[in-house]
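Student: Just need the structure, nothing else, for what follows:
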Amino acid sequence: MLPIILLFSSLIIASATEGGIDIPIPSDGSDSVPLTLHFNFPAMSKLSEQAKKEFAHILFNKGITKTEMENQIRSWGAKNGILDAVNTEMTKDEQRTKDMRVNINRALAEFPAAFAKYNAIGDNKSLTVNQAKEQTDALLDTIKTPYLKRLIYALSYPEYAEGEEPLFSVNAAKRR
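Tutor: Take a look at the predicted model:
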């Protein structure tokens, strides 16, 4: 199981993007295949494989505090000539974290009213399926608060939030 990395969290992505780099994840032997972590951090693209491994080692060191991790990352950045880029990304990441918290708190505050409207549509048995879909789409189109739509979906369909398979899914039929 990989630890949750708070520093540089916005740079970590699941799939490759242009300008990003892959760094090997230090293994404790429990993973059956070698794993890499993709970073969308162009300043690292010209660094040696050893520098990338050192960075990964800092990120996955479970025995240090977050402050120690920040200090080690800054030292690593200075050693590799990219301290300004590291500091810029850390500042951006701190702002993204603050923005995310503001948006989540706003979504939680707006959730009861939005969810009540959502449920009223779902509970209205006088609507056709198309009418219910149209009203639901119209309601969701009015929601502009980040995370609120996802929160409604996650609580309406907890099997998705828990990673379970849905009861059914629609797949396109293959033409013969």
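
Student: any chance you could map the helices in the protein?
Tutor: 49-59, 66-79, 83-123, 129-142, 148-156, 158-161 (DSSP state H).

Student: Those into JSON lines, with extra columns for distance to H38, mean neighbour count and mean pLDDT?
Tutor: For glycine as for every other residue, the C-beta is placed from the backbone atoms N, C-alpha and C. Listed next are the helices of the chain as JSON lines, based on distance: least, Cβ to Cβ, whole Å; neighbours: other Cβ atoms under 10 Å; pLDDT from 0 to 100:
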{"stretch": "helix 49-59", "distance to H38": "12", "mean neighbour count": "17", "mean pLDDT": "87"}
{"stretch": "helix 66-79", "distance to H38": "17", "mean neighbour count": "14", "mean pLDDT": "95"}
{"stretch": "helix 83-123", "distance to H38": "15", "mean neighbour count": "14", "mean pLDDT": "93"}
{"stretch": "helix 129-142", "distance to H38": "31", "mean neighbour count": "12", "mean pLDDT": "92"}
{"stretch": "helix 148-156", "distance to H38": "23", "mean neighbour count": "16", "mean pLDDT": "83"}
{"stretch": "helix 158-161", "distance to H38": "24", "mean neighbour count": "11", "mean pLDDT": "62"}
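
Student: Could you check how far I73 is from K66?
Tutor: From I73 across to K66, the span is 10 Å (Cβ to Cβ, to the nearest Å).

Student: picking that back up, figure out which of the helices of the chain is closest to F41.
Tutor: Across the helices of the chain, F41 has its closest neighbour in helix 83-123 (6.4 Å, Cβ to Cβ).

Student: That closest one relative to helix 148-156, how many degrees between them?
Tutor: Counting by axes from the mean of the first three to the mean of the last three Cα atoms, to 10 degrees, helix 83-123 lies at 60 degrees to helix 148-156.

Student: Of all the helices of the chain, which one comes closest to N40?
Tutor: Closest among those, using Cβ to Cβ: helix 83-123, at 9.9 Å.

Student: Contacts only, for N103.
Tutor: Contact analysis of N103 by Cβ atoms under 8 Å, 6 or more residues apart in numbering lists 145-147.

Student: Can you flag the buried ones in these?
Tutor: Buried members of these, counted by 16 or more other Cβ atoms under 10 Å: 145, 147.

Student: Among the contacts of N103, show me the least confident.
Tutor: Among the contacts of N103, P146 carries the weakest pLDDT, at 84.
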